[in-house]
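1. Need a 3D model of the sequence below.
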Amino acid sequence: MTRTPSRTGEYYHLYNRGVENRTLFATRGDFDRFKAYLYLLNDEDPPRAANFFASDRSGSVYESARGERLVAIGAYCLMPIHFHILATPLVENGIARFMQKVLTAYTMYFNERTLRSGGLFQGTYKRALAEDDAHIKQLFAYMHLSPARYFHDDWRSASAEELNLLEGRLMTYPYSSANEYLSSRFVIASPEYFPRYLTRAKDMRSHLDLWLKHKDRKGGNGFFEE
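-> Numbers count the residues shown, from 1 in each chain. Below is the predicted model of the structure:
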């Protein structure tokens, strides 16, 4: 089936998981590499990515100047067996081009590290159009709350004291864009391309309120697995 090209001004939930539900990110290095690709490969003509992961240059990834970007990322979260990205294309076919670069580069890295071959992800990637403001808010909140299950088995019914502890852990989770919003230091995320209400979610309670308000909306294939 031919996929309809993404269009500028539209917002998309991009996601995928490992083939046969295998672990995609098994080590800190795996998480760091995929996260770095979200920045480094978001470029019409990116530099050779391998050059940035030599022992003496690994810290320079996020200092690399970029040309015209393919997409703007509004939010992201990496989990051991899957990832979520909220993005909008900035150039024609930007999302497809960006995702092809990121997933190909990461598969090559992962296969070399683990001495395996073949596809790593379930197909290319999954994409769902955010249908309205409520859907965008839901996606934004859900992505930043996704790691909560690792810190509290039933966080939706947590006490106020437990939520305080959970909030601190989510704020410092290194593989989502939550900390970029909470610190207002944006590296991978580019909130200027997204509705302004996202930048007003300055703490995890705001995210929780957004999620609880919009979690029962219908429509779309949100990939909201538990």
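2. May I see the buried residues of the lengthiest helix in the chain?
-> Here the longest helix in the chain is taken by residue count, with DSSP state H as the criterion, and it is helix 94-114. Neighbour-count burial for helix 94-114, counted by 16 or more other Cβ atoms under 10 Å, picks out 94-99, 101-103, 105-107, 109-110. Every residue, glycine included, has its C-beta placed from N, CA and C.
3. so can I have TSV of the residues you listed showing distance to residue 116 and pLDDT?
-> Rendered in TSV, the data for the buried residues of helix 94-114 read as follows (distance: Cβ to Cβ, whole Å; pLDDT from 0 to 100):
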residue	distance to residue 116	pLDDT
94	30	95
95	27	96
96	25	96
97	26	95
98	24	96
99	21	97
101	21	94
102	19	96
103	15	96
105	16	94
106	13	96
107	10	96
109	12	94
110	8	96
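4. would CSV of those residues with distance to residue 21 be doable?
-> As requested, those are arranged in CSV below (distance: Cβ to Cβ, whole Å):
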residue, distance to residue 21
94, 29
95, 24
96, 24
97, 27
98, 24
99, 20
101, 24
102, 20
103, 17
105, 22
106, 17
107, 16
109, 20
110, 15
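5. What is the neighbour count of the residue lying closest to residue 99 once chain neighbours are set aside?
-> Nearest residue to residue 99, sequence neighbours excluded (Cβ to Cβ, 6 or more residues apart in numbering): residue 125, at 4.7 Å. Using other Cβ atoms under 10 Å, the number of residues around residue 125 comes to 18.
6. per-residue confidence for the nearest residue to residue 194 once chain neighbours are set aside?
-> Nearest residue to residue 194, sequence neighbours excluded (Cβ to Cβ, 6+ apart): residue 74, at 4.2 Å. Predicted confidence (pLDDT) for residue 74: 95.
7. ok, residue 74 - contacts?
-> When contacts are counted by Cβ atoms under 8 Å, 6 or more residues apart in numbering, residue 74 is found next to 11, 86-88, 136, 140, 177, 189-191, 193-194, 198.
8. ok so it is a helix residue?
-> No: per DSSP: H, G, I helix; E, B strand; the rest coil, residue 74 lies outside any helix segment and is strand.
9. The host helix or strand of residue 83 to helix 94-114, inter-axis angle?
-> Element membership of residue 83 [criterion: DSSP states H and E] is strand 82-89. Here the directions of strand 82-89 and helix 94-114 differ by 150 degrees (axes from the mean of the first three to the mean of the last three Cα atoms, to 10 degrees).
10. what does strand 82-89 contact?
-> 6-18, 24, 34, 38, 70-77, 95, 98, 130, 136, 139-140, 142-143, 146, 193-194, 223, 225.
11. starting at the chain centroid, how far to that strand?
-> In terms of Cα atoms, centre = their mean, to the nearest Å, the centre of strand 82-89 is found 5 Å from the chain centre.
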